[in-house]
Every structure is written in structure tokens, then in C-alpha cells.
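K.L.:
okay, sequence plus prediction incoming.
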Amino acid sequence: MIRKLRRCFKMTDYKSELPLEARRRERHRPDSPVVMYQRWSELLFLHWAVPPEVVQAGLPEGLTVDTYEGQAWIGVVPFLMHGVRPRGLPPVPALSNFPELNLRTYVYDHIGRPGVWFYSLDTPNSVANWIARTFFHLNYRTARMEVRHGEREIDCRSELKQDNRFDEAQHYRWRREGRAFEAEPGSLEFFLAERYRLFAYDWKSRRLFSGRVHHVPYPLQAAKVSQYSKRLFSLSDLEEPDGGPDHTLCSAGVPITVHPLARVAPIQG
């Protein structure tokens, strides 16, 4: 499925899914200090099941695809960021509130810590993008985005900026339905939503990093999706899935604490 692979990507052997207890441990509050506060709200989770080798082929050395019942998962997640601020500073309305659209998958490192690997993260906030690319080694990109709140629906539109032009519009429209619930450990919802670690890679120094976030478990709900896009796949050199998402969820959101990024020690031997 991957159309183009960077030469520095390396195929590695991988096991089946990570033990549940390893994922469960990551829910605990980290001992490290808080470096940033923010709130994530009105999240939509659209996921497609893909063969594990598709994900593994695009991972840097030190990461292994995490699977659920033999399948890897790639997710498209639009949401809103509120009150983004470093510890000790107040939020600045023009910089602290903005939408985000990301493409992600699920991995673990060589010491068995589960987390998220981001193919891309698109926002209209150029300052936040620069900070994230420079200090967190994440693939943040500039996009023209608009989010509208209807009586019940959320309507998100995104156009990625490329070479001084804007790509075709990606459009997402959904609403939350039914009662909120917490993901049950061992369920697919737990596998997809209960992630408290991200991984990032500095391609210049060829170093792998990891950072923790902490929040209460997501209040998850069923999502009634009336419009969505698969364009993020092709924008990340992945083949777009043939059909619609294999799994959908949404959440009203949670407050987040962000903890320091640290280098993942390289594999020995």
C-alpha cells in the first residue's frame, strides 16, 4: 500500500499485539514535570484496519507496529485545541485556540512502551507548527482550516498548504450520539483511544524521542458521520483505503497535561 518509502526506513520483525498490561500502565500520571497545558475537544476518530506490514514499512528503527487481533490501524482525527500554553504562562487567544487534523497509527518501542506515531499533524497555527517541528520533531504542517458548530453537528474543513498553494478540501461532518462511556480494557476502543505516549523522530540526527501526555479516560460516544475524507492517506504517501472507516468514535474532549520529550535509548547490540 505504501507508494513511496524513505530509504532510511527499515523493515523489522514484529510480534503480535502488545500485552494489555503494558497499555494499561501508561494511564498513570507521569512522574515528570508538566511542560504544557491544553484541552482537546470535539474529537472524531475515524479508523481503518490495514495489514501490519503496511505500517511497519514506514516506521523508523526502534518502533514496532502495535496490532489488535492481528490488524494494524490508521486513524484520521480532527479536533479542536483550546488553551494551549506553556506551564507558568497564560493562554493567548490568537495562539492558544485552533483546530488540528492528524493521521496516526499505533506502535511500541523496543522496551515495550505503547504510543502513537503521527504521519502528519495539520493546523492553521504557524507559530505552534514551528514550535512542534523544531522542539518536538513532529510533522506539523500548515493548513487552512475552518470549524463550524451547528445545532448538533460539527463541521470541519481543511486544505493543506503545499508549495504556496492549497490542496483540495477535506471535509468532515459528524455529531455525537448516545451516552458517553469509558473504553473497556481489552476492547478495540481501548486500543485506539487509550494512548498516553507519542513518538517522534529527528531525521537529521536519526534519533527517536518519546513524550507523555496525561488526561482522564476519554468520555467516548458513538459518532454519526455524514461526511469524511481519505485524502490524508495519499498526502502521507499511503494508498487511500477502498471503503469507509472500519471503526468510528467521537468524544466531547478532555483537559491535557504535556510532559517533557526524552530520547529513547537506542537498541543495543
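P.N.:
Perfect, I can see it now.

K.L.:
from here on, contacts and neighbour counts on C-alpha atoms
P.N.:
Fine.

K.L.:
please report how far Q162 lies from S236.
P.N.:
Computed as Cα to Cα, to the nearest Å, the Q162 to S236 distance reads 13 Å.

K.L.:
more neighbours: the two, which one.
P.N.:
More neighbours surround S236 than the other of Q162 and S236, with 15 against 11 (other Cα atoms under 10 Å).

K.L.:
surely that one is in contact with D122?
P.N.:
No - using Cα atoms under 8 Å, S236 makes no contact with D122, being 11.8 Å away.

K.L.:
just the element for W174, please.
P.N.:
strand 170-181 (DSSP states H and E).

K.L.:
so after that strand, what's the next helix or strand?
P.N.:
As assigned by DSSP H and E, the chain's next helix or strand after strand 170-181 is helix 188-193.

K.L.:
what's the following helix or strand after that next one?
P.N.:
According to DSSP H and E, the helix or strand after helix 188-193 is strand 197-202.

K.L.:
what helices or strands is that following strand leaning on?
P.N.:
Applying 3 or more Cα pairs under 8 Å, 6 or more residues apart in numbering; DSSP states H and E, one finds that strand 197-202 makes contact with strand 114-123, strand 207-214.

K.L.:
most neighbours per residue, which of those strands?
P.N.:
Greatest average neighbour count among the helices and strands packed on strand 197-202 goes to strand 114-123 (a mean of 23), per mean count of other Cα atoms under 10 Å.

K.L.:
from the contact counts, what lies against that one?
P.N.:
Applying 3+ Cα pairs under 8 Å, 6+ apart, we find strand 114-123 packed against strand 98-109, strand 140-149, strand 197-202.

K.L.:
run through the bridge partners of H149.
P.N.:
Legend: beta-bridge partners of H149 under DSSP bridges are I154.

K.L.:
R157 versus that one, what's the distance?
P.N.:
From H149 to R157 the distance is 12 Å (Cα to Cα).

K.L.:
measure the most centrally placed residue in the chain to F135 for me?
P.N.:
In the chain, the residue lying closest to the centroid (Cα atoms, centre = their mean) is R104, at 4.3 Å. To F135, R104 is 19 Å away according to Cα to Cα.

K.L.:
what's the answer for V107, then?
P.N.:
According to Cα to Cα, V107 stands 21 Å off from F135.

K.L.:
neighbour count: those two, which is higher?
P.N.:
A count of neighbours by other Cα under 10 Å puts V107 above the other of V107 and F135, at 27 against 10.

K.L.:
would you confirm that that one contacts W73?
P.N.:
No - assessed by Cα under 8 Å, V107 is found out of contact with W73, at 9.8 Å.

K.L.:
neighbouring strands for the strand holding W174, and are they parallel or not?
P.N.:
The pairing partners recorded for strand 170-181 under DSSP bridges are strand 154-162 (antiparallel), strand 220-227 (antiparallel).

K.L.:
in TSV: those strands, plus distance to P19.
P.N.:
As requested, these are arranged in TSV below (distance: least, Cα to Cα, whole Å):
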stretch	distance to P19
strand 154-162	35
strand 220-227	23
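
K.L.:
ok and the lengthiest strand in the chain relative to strand 170-181, angle-wise?
P.N.:
Using DSSP state E to define each element, the chain has its longest strand at strand 247-263. With axes from the mean of the first three to the mean of the last three Cα atoms, to 10 degrees applied, the angle from strand 247-263 to strand 170-181 works out at 100 degrees.
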